[in-house]
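**Student:** Requesting a structural model of the entry that follows:
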Amino acid sequence: MRLASLLLLFLLLPALGFAQPRQPIALDRVVAVVNDEAITDNELRERLGAVTRQLRQRGTPLPPPEVLEKQILERLIVDRLQLQFAKETGLRILDADLDAALRRIAANNRMSLAEFRAALEKDGIDWQRFREEIRGEMIIARLREREVDSRIVVSDGEIDNYLAHPEQAEQSALVTLGHIIIRVPEQIDATRLAQLRNRAEEALARIKAGQDFSQVAASYSEAPDALLGGILEPRPADRLPTLYAEAIAKLQPGEVSSILRSPAGFHIVKLIERKGGSVGDGLIRQTHARHILIKVGELTSSDEARHKLVGLKERIDNGADFAELARLYSNDLSAAKGGDLGWLYPGDTVPEFERAMDALKIGEVSQPVQSPFGWHLIQVLERKNAAVGDERRRILARQVLRERKSDEAYEDWLRQLRDRAYVEYRLEER
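**Tutor:** The predicted structure is shown next:
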């Protein structure tokens, strides 16, 4: 689920942002050395063009060119370190898995794979280079799954403590945050620590002076999402890192925290939006839903599955019975029950399905939704706030605590990876 969620996040970015048409460059110089590999000026120029395009598409004011260039170079260094570690430890993405991901990207752009490739090549983007960039993104996602998420331990004592404080265990508001991270190495002297603290204070001062938060994040933050404005995917407040959850509890939408300190470094958090609130009294929202699933395989391509569901949705919109169509066409055990999935708790389904389901009104039928299982039509039948049994409460508590720890653990792992590496900067030698 973590890999699927991470993959979805990068697939939702503008597809053309990952690669740009190559521009002829007379001399390609080295701008950094990462262990025994070089990062070239050509690579930096290409990523600079891609990020500039993404920032403009999102309406984010651009940082000064020299600041953006240094940020992008640091991002390239961190990505290169992760890819090197993956190679050393035997982590690979098979061509079949890569092709499936590319089909998913094409479908998100409402194209077949052949149409998508033709569109990229028409814009001067090399297809093989684009494939390898997507392979790299997938490797990094799986590396995080293997090295970080799979090693997070939630003890029974932590679950007991969480459940013993009802104010924590209640379902919390859905929040959207912006954040900035200034990383602090494990071994650091007082002078360097003061410099990094001053950098964080400078970023906060710019925000308080009225500068756009996303622009400051793109200029200062060392988080993986920095160049996209530092915006985190909306999530329940109780699934945020504890440091962030405690900070935003005191904030109103639009307000910014003071400088926060964690083992990973200095943080600044902005509360962008808060929706809803806690249910209370040990209750949690359940959703009664049904679906029609068309699986993708050797006999049915992704395009064919999606096209089939478009036709079924049109029939439903014109009065056809959802349950009857589910019995006839759904490739799922629920087909015999008219696609009925029963009452679902948060976390019972994969993230792609849950996000689409949560966005629906009662009675509404979704557009075709893609998940690792295939393509779905989803309909929400009912919602309720229900009491949760002890076993289910512990399962949900474990999920919440794992999510809380995940981002913190990943940032700490990246910091350690960066601290162990040999990095030589040659940007000023160009």
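
**Student:** Partner strands of the helix or strand hosting E424, with direction?
**Tutor:** In this structure, E424 sits in strand 423-425 according to DSSP states H and E. Here strand 423-425 is paired, per DSSP bridges, with strand 30-34 (antiparallel).

**Student:** if we can go back for a sec, now do the strand holding E424: everything it contacts.
**Tutor:** Strand 423-425 is contacted by residues 31-35, 73, 77 when judged by CB atoms under 8 Å, 6 or more residues apart in numbering. Backbone N, C-alpha and C define where each C-beta goes, glycine included.

**Student:** Filter those down to the buried ones.
**Tutor:** Taking 16 or more other CB atoms under 10 Å as the criterion, what is buried in the contacts of strand 423-425 is 31-32, 34, 73, 77.

**Student:** Out of these, which is nearest to D160?
**Tutor:** I77 (41.9 Å; CB to CB).

**Student:** Report the secondary structure state of I134.
**Tutor:** helix (DSSP: H, G, I helix; E, B strand; the rest coil).

**Student:** begin at 40 from here
**Tutor:** In the new count, where the first residue is 40, that last one comes out as I173.

**Student:** Export stretch 162-177 to PDB, keeping only CA atoms.
**Tutor:** The C-alpha trace of stretch 162-177 is given here as PDB (Å, rounded to 0.1, in the frame of the first residue of the first chain):
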ATOM      1  CA  ASP A 162       7.600  17.400 -28.000                       C
ATOM      2  CA  GLY A 163      11.200  16.300 -28.500                       C
ATOM      3  CA  ILE A 164      11.400  14.100 -25.400                       C
ATOM      4  CA  ASP A 165      13.500  10.900 -25.800                       C
ATOM      5  CA  TRP A 166      11.400   7.900 -24.900                       C
ATOM      6  CA  GLN A 167      14.100   5.700 -23.600                       C
ATOM      7  CA  ARG A 168      15.400   8.500 -21.300                       C
ATOM      8  CA  PHE A 169      11.800   9.100 -20.000                       C
ATOM      9  CA  ARG A 170      11.500   5.300 -19.300                       C
ATOM     10  CA  GLU A 171      14.700   5.400 -17.200                       C
ATOM     11  CA  GLU A 172      13.500   8.400 -15.200                       C
ATOM     12  CA  ILE A 173      10.300   6.600 -14.300                       C
ATOM     13  CA  ARG A 174      12.300   3.500 -13.400                       C
ATOM     14  CA  GLY A 175      14.400   5.700 -11.100                       C
ATOM     15  CA  GLU A 176      11.300   7.000  -9.400                       C
ATOM     16  CA  MET A 177      10.000   3.500  -8.900                       C
END
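
**Student:** which of the residues in it are buried?
**Tutor:** 164, 169-170, 172-177.
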